[in-house]
Each structure stands twice: as C-alpha cells, then as structure tokens.
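> After the sequence you'll find the predicted model.
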Amino acid sequence: MAEALWTGTGSRDGGPLWGRMMLGRAALVLLLFVICAPPLFAQQGYTLKVGDELELDILDDSEPPQRYVIGSDGAVRLPLLGGLEVVNLTLEEARELIRVTYIAREIFVNPTVDLSIAAYRPVFVTGDVRSPGFYDFRPFISAEQALGLAGGPQMPTSNAEARVLERRVLEGSLVATEADLTRFATEYARVQAQLRGESEVLWNDIPAHIRPVIDRDAFAILKPAEDEILRLEQLNHDTQTRLLREAIEETGSELLLLREREVAQVAAMERAEADLTRGQELTERGVQSSGPLSQLHRLVSEAEDLLLQIRTQQTGARRRLGELQREYARLESDRSQRLLAEGQSRRSEIAKLEAARLSIIDRQDLLRQWIDSGANADLDGRIDYRVRRRGPDAVETFVIDSLTELFPGDLLIVTVRASETVARVEE
C-alpha cells in the first residue's frame, strides 16, 4: 500500500528486527532526500502565508537586504511603509505591490525591488515518531521524508509504565510551552503599550485569540517586570527627547541673536560707508585733508569683516539646527521601527508556541487513545499520515500517503497501526 513504509504481507516474528528495518529505511530515505532533493523551489507560484520570512532589497540604495516576517494579520511591516498586507499573494505580486506603494507614497521614484522568500514556515511532525518537533521546510519534502527527519517511526510499547512516563513528559512539555506562551504574550503586550505611550502593560494588549490559554495569574506575576522595562525605556527615550529639544531651542535662540546682530552690523556698516562718502566729498572740496580718509576706510573694512563673520556663524548655526532636527526625527522613527520589529518577533514566537501546544495536545490525545484501547500488540501493520493545514477560511485535516508533498506550516501526524488494528479496519 502506497501510504505505508512496509509493503510486504503476512506476519513477522521478531518485532525488534522489523523496527531496525524501519529505522534503516527511514535513514536511507533521509539520506536520499538530502542528496537528491531539488535545490530550488517554485517560489513564484507559491502564495505567501503567515509566518513566512521575506528578504527585501531595494537595489537603488546602499542598505543591505533586510528580512521581515509576515505577521498573524497577514501584513509585513516595511521601513517607511508600515504594515502592508501580502498574505495569499504570489512573490511577484507582493514585489510589485511593494514597489508601487513606495512610488505612490513618493518615497522612491522608480525603485528596483528584489523580494525573495528567506525562510518558509517550518513543518511540525508529531505522533508516532522518535523526535517530534519543528523541522525546516524543504522544497518538495514528502510525508515519508519528514518522517525520516523526525527519526523514523516510534514503535508502541506494551510497557504500561513507559506510557505513564510518556504522559508525564507530555504534561511537563505542555506546562513549559504554556509558560513560554504567557511570557511572550506579556512581552508583546508591553511592546504595544510602548507604541501607544502607555505607562503600564494591559491584559487587553494580549492577542485576543490566545487569551483563553494564557494564565491570568502568571500574567500578573510577569507584569511588574514588564512595567519596569516599559518605565525605564520610556524614561530613557524622554531624556533623549528632552536633551534634543533643549539643544534645538538653544540653537534656535543663537540663530535669532545672530540675526539681530546682523541687522545691527548692517546698520553700522551703512553709517561707516556714509561717513566715508562725506569724508571723500570734504577732501575733494579742500575742506579737510586726506588723512582721516584712511581711518574711515579701515572702519568700513572692519564693519564688512564683522558682518561676514556674523553671517558665517549664522550658516553654522543653521547647519547645527538642521542636524539636531533630523536627529530628533530619527530618534522617533528608529524607536517606532525597533518596537514594531520587536512586536513582530514576539508574534512569530507566539505562533510557533501555539503550534507546539496544539501538537502536544494531539499527542496526549493519541496516547490516551492507546491507553484506553490497550493497543499494545506486536506491530505488523502500516503507517498512516494525516496533515493539518490552515486554509483561507479554516484549518483542514485530511489523510495523505507517504509520497504526498507537504506545504510550509503543515502539521504532519504519523500513526503506526498495529496488526490487530489494521485487521479490524480492513474488516
């Protein structure tokens, strides 16, 4: 059967030997996958999804390429643009949307935009596998290959004590995952409070869809530390802002004083020039000697030099004022971008932990079914694969075979069926 790793018929004695054969084949599948997998993936036909990491490069500037993660709202936050919804677009459509938006907002005239997928959402392999967890998505990866990445199938054991131990491990993993989820959710709420200029972290800033699984008491324990981080960051930002404002005001006052000095010096120079003109007329008429003219020429020259110095000082003051104003604007912009990036990073971690939590719950359900049904017979059956995939409207779960290729973000559930179970199903 296509969906099974074992295609022989009849019963087999010696379960450990079959287990080694299964592990050997899983290792062979993994080796062939690493060697033979195509190096490229048809990015252009792939539609972008939440969690994909994009690499954007504006080829017209000197900045290096930057990476951005598509958030849970379907938008990617880009420099100077803010949020731009790209989910369900192809890579080429997203690239053109970014380029057109930069032009429409008069940020660039006709930019050359290079956009690629830096990292796909990982797949999560769970169920009857030796190493459940997240694995980097690789183009054209099949269910069988993903099973190989997860260490091959995990053979059910007839040891009730081992199952109880596994249940305790799963319970501990769930507690740890939910604790991490609460921590990242609290940090995300703090970032939202910082963006709005609030003085404390609020419960309502936690994403609504995960509030039901967040421990309110744990949030209350984490809140004071996040409030202190918020207070110190805001204090530092306010101090930098105040110092820049004071410097801007001081430079503006200096520039105003220089303008007043310029007006006074222009008047003084005009008087000196008028005195020189009168002295020249008196000398020409023979009323006075030419001796005082040299002193009048010197006074006019000194007045011109002083006026030039004042205007040079004005130029320097205007330049400093412009630099301070740009630094002030950059301070606000850099802070907003840093907080947006931090918030996006927290949302990405929250999404990963949500998937991990659901996977642990699925494994607990499978283990509970095993315990309830007493499925501890010798294995002589097959491996079944199910995929849970988030669609445009809802999460879908469906059965696949071993050669079916996975999509980024898929949750692959592997079930090893015992011979008795297979026989009952086939009857």
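Right, received. Where do you want to start?

> Low-confidence stretches in the stretch 251-400 of the chain?
290, 372-381, 392 (pLDDT under 70).

> Okay, helices next: where are they in it?
291-373 (DSSP state H, counting those that start in this stretch).

> what's the answer for the stretch 51-200 of the chain, then?
Going by DSSP H, counting those that start in this stretch, the stretch 51-200 of the chain shows helices at 91-104, 143-149, 160-196.

> any chance of these in TSV, with mean pLDDT too?
Output for those, formatted as TSV (pLDDT from 0 to 100):
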stretch	mean pLDDT
helix 91-104	92
helix 143-149	91
helix 160-196	87
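
> Between these, which one is closest to residue 405.
Closest to residue 405 of the helices of the stretch 51-200 of the chain, according to Cβ to Cβ: helix 143-149, at 8.1 Å. For glycine as for every other residue, the C-beta is placed from the backbone atoms N, C-alpha and C.

> Distance from the closest one to the middle of the chain?
Relative to its chain's centre, helix 143-149 lies at 28 Å (Cα atoms, centre = their mean, to the nearest Å).

> buried stuff in it?
143, 144, 145, 146, 147, 148, 149 (16 or more other Cβ atoms under 10 Å).

> which helices and strands does the longest strand along the chain pack with?
If you go by DSSP state E, the chain has its longest strand at strand 382-390. Contacts defined by 3 or more Cβ pairs under 8 Å, 6 or more residues apart in numbering; DSSP states H and E place strand 382-390 against helix 143-149, strand 395-400, strand 411-417.

> repeat that for 10 Å
strand 123-127, helix 143-149, helix 291-373, strand 395-400, strand 411-417, helix 419-426 (3 or more Cβ pairs under 10 Å, 6 or more residues apart in numbering; DSSP states H and E).

> Kindly reformat the ones you listed as CSV containing distance to residue 109.
Below are the helices and strands packed on strand 382-390 laid out as CSV (distance: least, Cβ to Cβ, whole Å):
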stretch, distance to residue 109
strand 123-127, 42
helix 143-149, 46
helix 291-373, 21
strand 395-400, 44
strand 411-417, 45
helix 419-426, 65
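
> Looking at these, spot the one closest to residue 187.
If we rank these by Cβ to Cβ, the stretch that ends up nearest is helix 291-373, at 5.3 Å.

> tilt between the closest one and helix 160-196?
150 degrees (axes from the mean of the first three to the mean of the last three Cα atoms, to 10 degrees).

> got the angle for helix 291-373 vs strand 123-127?
Using the same axes, to 10 degrees: helix 291-373 against strand 123-127 is 20 degrees.

> Contacts only, for the residue lying farthest from the centre of the chain.
Distance from the centre of the chain peaks at residue 286, with 87.3 Å (Cα atoms, centre = their mean). By Cβ atoms under 10 Å, 6 or more residues apart in numbering, residue 286 lies in contact with nothing.

> Need the phi and psi values for it.
Backbone torsions of residue 286, given as degrees, to the nearest 10, read phi 80, psi 10.

> Please parse the protein into its domains.
1-41+121-156+375-427, 50-119, 235-336 (automatic domain parsing).

> Dump the longest strand of the chain to CSV, restricted to CA.
Coordinates of each C-alpha in strand 382-390 appear next as CSV, following Å, rounded to 0.1, in the frame of the first residue of the first chain:
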residue,chain,number,x,y,z
ARG,A,382,1.2,0.1,8.4
ILE,A,383,2.0,3.8,8.9
ASP,A,384,-0.8,6.3,8.3
TYR,A,385,-0.3,10.0,7.7
ARG,A,386,-2.6,12.9,8.3
VAL,A,387,-2.0,16.6,7.6
ARG,A,388,-3.5,19.5,9.4
ARG,A,389,-3.3,22.6,7.2
ARG,A,390,-4.6,26.1,7.7
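
> do you know how far residue 126 is from residue 364?
Separation of residue 126 from residue 364 (Cβ to Cβ, to the nearest Å): 11 Å.

> repeat for residue 329
53 Å.

> just to revisit the earlier point, okay, angle between the longest strand of the chain and strand 395-400 too, please.
150 degrees.

> okay but residue 356 is in contact with residue 174, surely?
Yes. With contact defined as Cβ atoms under 10 Å, residue 356 counts as touching residue 174 (9.2 Å).

> the more surrounded of these two?
residue 356 (22 against 17; other Cβ atoms under 10 Å).

> residues in contact with that one?
124, 126, 132, 133, 134, 173, 174, 176, 177, 178, 180, 181.

> residues near the nearest residue to residue 307 once chain neighbours are set aside, how many?
Take residue 307 and drop its neighbours on the chain: the residue closest to it by Cβ to Cβ, 6 or more residues apart in numbering is residue 265, 4.7 Å away. Neighbour count of residue 265, defined by other Cβ under 10 Å: 18.

> and what of residue 185?
The number of residues packed near residue 185 is 27, by other Cβ under 10 Å.

> Quick check, it in contact with residue 351.
No. Checked against Cβ under 10 Å, the pair residue 185 and residue 351 is beyond contact range at 11.4 Å.

> Name the residues contacting each of these two.
Common neighbours of residue 185 and residue 351 (Cβ under 10 Å, 6+ apart) are 207, 210.

> Beta-bridge partners for residue 113, please?
Counting by DSSP bridges, residue 113 is bridged to residue 58.

> In contact with it, which residues?
56-60, 94-100, 102.

> Would you mind listing the two of those that lie farthest apart?
Among the contacts of residue 113, 60 and 94 lie farthest apart (Cβ to Cβ), at 18.3 Å.

> and residue 329 and residue 364? which has more neighbours close in?
Neighbour totals were compared for residue 329 and residue 364, and residue 364 leads with 16 against 11 (other Cβ under 10 Å).

> Now that one: closest residue in space that isn't a chain neighbour?
Nearest to residue 364 is residue 170, by Cβ to Cβ, 6+ apart, at 5.2 Å.
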